[in-house]
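**Q** Let's see this in three dimensions:
(chains A, B and C)
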Amino acid sequence: MNIIDLTVNELQEKLKNKELTIKEITQAYVDRINEKEKDVEAFVTTLTDEALNKAEEIQKKIDEGEINGDLAGIPIGIKDNINTKGVKTTCSSKMLENFVSPYDATVMQKINSENMINLGKLNMDEFAMGSSTETSYFKTTKNPWDLNRVPGGSSGGSAAAVASGMVPWALGSDTGGSIRQPASFCGVVGLKPTYGLVSRYGLVAFASSLDQIGPITKDVKDAAILLNLIAGYDEKDTTSVNMEKKDYVKALTGDVKGLKIGVPKEFFGEGINEEVKNSLKEAINKYKELGAEVEEFSLNVAEYALATYYIIACAEASSNLGRFDGIRYTYRTSEFKDLKELFKKSRSEGFGDEVKRRIILGTYVLSSGYYDAYYKKAQKVRTMVMNEFNKGFEKYDVILTPTSPTVAFGIGEKSGNPLEMYLADICTVSINIAGVPGISIPCGVDSNGMPIGMQIVGNKFEEEKILNVAYTLEKEIKFREKYKPEFKK
Amino acid sequence: MKVSKEELLHIANLAQLNLKEEEIGNYLQNLEEILNFANIVNNAPVDELDITIGANEAKNVFRKDEVKVFEDNEALLANAVSKELNMFKIPKVIQ
Amino acid sequence: MSREEYESVIGLEVHAELSTKTKIFCSCPTKFGASPNTQTCPICMAMPGTLPVLNEKVVEYAVKAGLATNCTISKDSKNDRKNYYYPDLPKSYQISQYDKPLCENGYIEIDTKNGKKKIRILRIHIEEDAGKLNHDDFGGGSLVDLNRAGVPLIEIVSEPDISSSEEAEAYLRKLKAILEYIEVSDCKMQEGSYRADVNVSVKKKTDEKLGTRTEMKNMNSFRSITRGIDYEIDRQIDLLEDGKQVEQQSLRWDDVSGKTFSMRDKEDAQDYRYFPDPDLVAIRLSNEYVENIRKNLPELPEKRRERYLNEYKMTEKETDIIVSSKYLSDLFEEAADICKNRKAVSNWIISDISRILNEKELEPADIPFTAEQLAHLVMIIDKGTISSSIGKKVLEELFENPREPEDIVKEKGWVQISDEGEIKKIVAEILANNQQSVSDYKAGKDKALGFLVGQAMKATKGKANPQLLNKLFIEELKK
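**A** Predicted structure coming up:
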């Protein structure tokens, strides 16, 4: 038995049966980090020593009957834009290179109160702006399936760490696909919850009306377990929704008979790679065999949504990133003659290229003379996208699309062309614009052995449905048993 | 969508960013390309629609007016590059 | 061309700090004068990842202010971000309200030399205050204190209906009284919790079009505001008379030189890029909510004024002085209730108390003694324990070191001499030493009596009962 190949639900089983101890588990992950991190570079900060001490401490408390719970002692990795008290939270930016947070994000409070073990903070595109993790100030994370390719982004560190077995699961954040696309590129499961299901308090804001924290895991059941922990109303986030708690694990019945699946033809058009399409078609056939009713329909929102996404996300970001001004806790330029220079030099030196590009775009679309033509129009298009999704969900339980038009691309392949990089988000952004949940699961590999991801989209707060639809296919195709990352150099 | 250099510099100034002379061309080109793409929104059939601000339709979410003191005051200034008398130090500002 | 051919158009944007216990978007306390950065948390310091949650009292207080100024309360409101960079603004945006303020289209009435005048209120919106910059005396820098960052404000924007500095002052005083009466702001001007931006423009009376306006920022005393307005009107007329243009700009009024100065660099054209704050949800107040607040609105100054005039039959002059401040008015009612001598309490307030407040440059809310103590002062005068001239000394003492008036009187030995035997002795002594006045009186010069009484008061340090003195002098002189 190789500990790092087990899912969390398998680890829980073995802990319960006393086949494994918390210390053994943590040690296995620390060893794996020591072995693979130099190739994959998924972490900004590793907390291996702290994790081993914590494991010891928790083991003792469990032995003394002080604490119990299914999640006690389970390790996790955290995307580096989620605030962790006393630990650096850098957003992979020079701007926050030395920032030690004075508080814990609400999701971290939940993780800590379960006595879980934080193995470290995971690399990402700077301030979550990117689709490849190449915009990180510190390092470019590599795809564990092929180290010459990107892991996707922005939660590339999280997905790569899970795929390479350096963490059993991780938290990511998703503004336009930042959980689902890297999950797809790295052959793991990634869930973006309904906007408002998980508290954003403590998640460094990129685009406030789109950001959600979500799990990146080895299998669907783990995603349900982690969602059970992090979902729920938080009085510190007024956009979080006050509703009854659900048990997402219970929803995993493995039965999709009679379920109505809509397949939007616009998401299978010319921009989508043929191998991706074929893999999806196989999955669709599987669902038919399993008794689901599959129907093609028209959901003509992708391009509108992508344009809207870049307008709204950049507008909000241009304002959200204003607080990084060189005054209180960020990088400050070393030489300045007055306040204006302090602001401008600190920001110009502290932010990377892509972040500056988006701040400029966002400032532009909000500036007088352009507000109506871009920002306000985009808000109306957002309404249209929501309406279109609503119409879809009147007919279908879930909607099925590719997660990304392609498999993971090569490092450096798109970093020179921002627009091309943005177009890679075409399948995922409309889900954030509509505020609905989406999950990406691996459904096959291409001819180079690179994983292909399938996205299942549900109506608001219908995570149970998409998790069960994902779970049912996962059981059928047994992706994890058939394929493993090879760390191809 | 044509953006002039002056316009770009005005926007950068609003955002408190300096752009180096050699970067300007690149930023201009990127901005124009992205704006051209983003212009799709102006073809969308949305004249009759209301705007959407967030994906959450909740209203009136308020807090009680009750004091909660943040205990770890020291941590709030711990990251400051320059401070004095428990305040953040900045260049002299004449108000 | 003469000045009479011009008229001035003035609009005021008043910022009033709301007297909530906590800040507008976080649970930090709002007490004035705490040591730097001790009333802060990750939210008001704009730490990455933090989110605002709106204080329900802020909404309630703003609605109260709107109802008290005859505004329509919006059924559909929201918060917007106003983006600009300044070191006292930690998020680099201020959460304010742009196109959907909580209250709109109200008015208040002021008294002018031409009678009553309605000043329309365009809007009232909620927003957060900024922090404070302190000067560093040692290293030539500035220091940022964020205790005030996030303290709730309402901004009350008037229409440009005001045409002189006197009207501006009347408006500001009236508005201040209203906010105090409904208890949403303590309006302490020295602490900056009631301050105004003043827009001034001038035009020829024959012109339709408004002139270019200038804005004096952050004025926090009635005196600076009236001086500033008068100065700006003069300056602008001078410019126009010289054939020059008035430039639209923000100005800083300097009290020492009595002049205005331009505030911002011209290169920095402002563009605040307002947009709806996606961190906060919409505000949709129900009719019940608004009506409930309306029902529970305290008595407004206008109402109280009517009551004083009609029920209490007080004069307009005394009513206006007392009603101008909720604190004075409450003091008046409470004290009058205890001592049952409304007239006396009113006299104390409009004369000596007002004079001392003026001399000491205090606001009514700073009065250190209680209504009970004032009532007791009135009562010991009525009882004859002290004379009213001693009463004035007791009042001074109440301002210095407030305690029970009876204790003050005892301690200081100020008890009135009302013993007839004792007074007779004094009268005899004064008469013996002032033969000239006695002759004058007997020769028909009544004034001499006043002089004699005065001498007796002087001799007793004001403690002799004046009525008794008068009576006994006349008796003696008539012998």
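
**Q** Please spell out which residues along the strand or helix carrying A:Leu400 are buried.
**A** Per DSSP states H and E, A:Leu400 falls inside strand A:398-402. Under the neighbour-count criterion of 16 or more other CB atoms under 10 Å in any protein chain shown, strand A:398-402 has A:398-402 buried. Where C-beta positions appear, they are placed from N, C-alpha and C, glycine not excepted.

**Q** Return the closest of the residues you listed with respect to A:Leu119.
**A** A:Leu119 has its nearest neighbour among the buried residues of strand A:398-402 in A:Pro402, at 31.1 Å by CB to CB.

**Q** could I get the buried residues of strand A:398-402 as TSV with pLDDT and distance to A:Ile431?
**A** Shown next, in TSV, are the buried residues of strand A:398-402 (pLDDT from 0 to 100; distance: CB to CB, whole Å):
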residue	pLDDT	distance to A:Ile431
A:Val398	98	12
A:Ile399	98	9
A:Leu400	98	12
A:Thr401	98	9
A:Pro402	97	12
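
**Q** who's in contact with C:Glu183?
**A** C:19, C:298, C:326 (CB atoms under 8 Å, 6 or more residues apart in numbering or on different chains).

**Q** Smallest gap between the stretch 301-450 of chain A and chain B, at which residue?
**A** A:Gly435 (2.5 Å; CB to the nearest CB).

**Q** Show me how far the strand holding A:Leu400 is from its chain's centre.
**A** 18 Å (CA atoms, centre = their mean, to the nearest Å).

**Q** in its sheet, what does it sit against?
**A** Sheet pairing for strand A:398-402, assigned by DSSP bridges, gives strand A:260-264 (parallel), strand A:451-458 (antiparallel).

**Q** Pull the residues that contact it.
**A** Under CB under 8 Å, 6+ apart, the answer for strand A:398-402 is A:259-264, A:267-268, A:272, A:276-277, A:280, A:283-284, A:287, A:294, A:299, A:389, A:392-393, A:427, A:452-458, A:462, A:465-466, A:469.

**Q** How about stretch C:172-182?
**A** C:12, C:14, C:16, C:64-65, C:68-69, C:108-110, C:156, C:185-187, C:194, C:196, C:222, C:225, C:297-301, C:304, C:323-327.

**Q** Just the CA trace of that stretch, in PDB.
**A** Backbone C-alpha positions of stretch C:172-182 (Å, rounded to 0.1, in the frame of the first residue of the first chain) are rendered in PDB as follows:
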ATOM      1  CA  LEU C 172     -26.100  74.500   9.200                       C
ATOM      2  CA  ARG C 173     -27.400  75.400  12.700                       C
ATOM      3  CA  LYS C 174     -30.800  74.100  11.900                       C
ATOM      4  CA  LEU C 175     -29.500  70.900  10.400                       C
ATOM      5  CA  LYS C 176     -27.200  70.300  13.400                       C
ATOM      6  CA  ALA C 177     -30.100  70.800  15.800                       C
ATOM      7  CA  ILE C 178     -32.200  68.300  13.800                       C
ATOM      8  CA  LEU C 179     -29.400  65.600  13.900                       C
ATOM      9  CA  GLU C 180     -29.000  66.200  17.600                       C
ATOM     10  CA  TYR C 181     -32.700  65.900  18.300                       C
ATOM     11  CA  ILE C 182     -33.000  62.600  16.500                       C
END
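
**Q** list the buried ones in that stretch?
**A** Buried-residue list, stretch C:172-182, by 16+ other CB under 10 Å: C:172, C:174-182.

**Q** which two from the residues you listed end up farthest apart in space?
**A** C:Leu172 and C:Ile182 (16.3 Å).

**Q** Next, C:Glu104: secondary structure please.
**A** Following DSSP: H, G, I helix; E, B strand; the rest coil, C:Glu104 is assigned to strand.

**Q** Send over the longest helix along chain B as CSV, restricted to the C-alpha atoms.
**A** For chain B, the helix that runs over the most residues, judged by DSSP state H, is helix B:21-38. Taking C-alpha atoms only, helix B:21-38 is exported to CSV below (Å, rounded to 0.1, in the frame of the first residue of the first chain):
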residue,chain,number,x,y,z
GLU,B,21,8.7,53.7,-22.5
GLU,B,22,9.6,50.3,-23.9
GLU,B,23,6.6,48.7,-22.4
ILE,B,24,4.0,51.1,-23.7
GLY,B,25,3.8,49.7,-27.2
ASN,B,26,3.1,46.2,-25.8
TYR,B,27,0.5,47.4,-23.3
LEU,B,28,-1.2,49.4,-26.0
GLN,B,29,-1.4,46.5,-28.4
ASN,B,30,-2.7,44.1,-25.7
LEU,B,31,-5.3,46.6,-24.5
GLU,B,32,-6.6,47.2,-28.0
GLU,B,33,-6.8,43.5,-28.8
ILE,B,34,-8.6,42.7,-25.6
LEU,B,35,-11.0,45.7,-26.0
ASN,B,36,-11.7,44.6,-29.6
PHE,B,37,-12.7,41.2,-28.3
ALA,B,38,-14.6,42.6,-25.3
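
**Q** Now it: buried residues?
**A** In helix B:21-38, counting by 16+ other CB under 10 Å, buried: B:27-28, B:30-31, B:33-35, B:37-38.

**Q** Which helix or strand lies directly C-terminal to it?
**A** Toward the C-terminus from helix B:21-38 - assigned by DSSP H and E - lies strand B:62-63.

**Q** Just the residues contacting stretch C:342-359, thanks.
**A** In contact with stretch C:342-359 (CB under 8 Å, 6+ apart) are residues C:312, C:314, C:317-318, C:321-322, C:328, C:331-332, C:335-336, C:339, C:362-364, C:366-367, C:374-375, C:377-378, C:381-382, C:392, C:395-396, C:399.

**Q** What of stretch A:229-237?
**A** Residues contacting stretch A:229-237 (CB under 8 Å, 6+ apart): A:71, A:106-107, A:110-111, A:114, A:171, A:193, A:197-201, A:213-215, A:240-243, A:245-246, A:248, A:463, B:63, C:51, C:53.

**Q** so of those residues, which ones are in strands?
**A** Residues of these located in strands (DSSP state E): A:171, A:213-215, B:63.

**Q** of those residues, list those near chain C.
**A** B:Arg63 (CB under 8 Å from any CB of the partner chain).

**Q** Out of the ones in strands among the contacts of stretch A:229-237, which comes closest to chain C?
**A** Minimum distance to chain C across the ones in strands among the contacts of stretch A:229-237 is 4.4 Å, recorded for B:Arg63 (CB to the nearest CB).

**Q** which residue sits closest to the closest one, ignoring its sequence neighbours?
**A** Using CB to CB, 6 or more residues apart in numbering or on different chains and skipping residues adjacent in sequence, the residue nearest B:Arg63 is C:Val53, 4.4 Å away.
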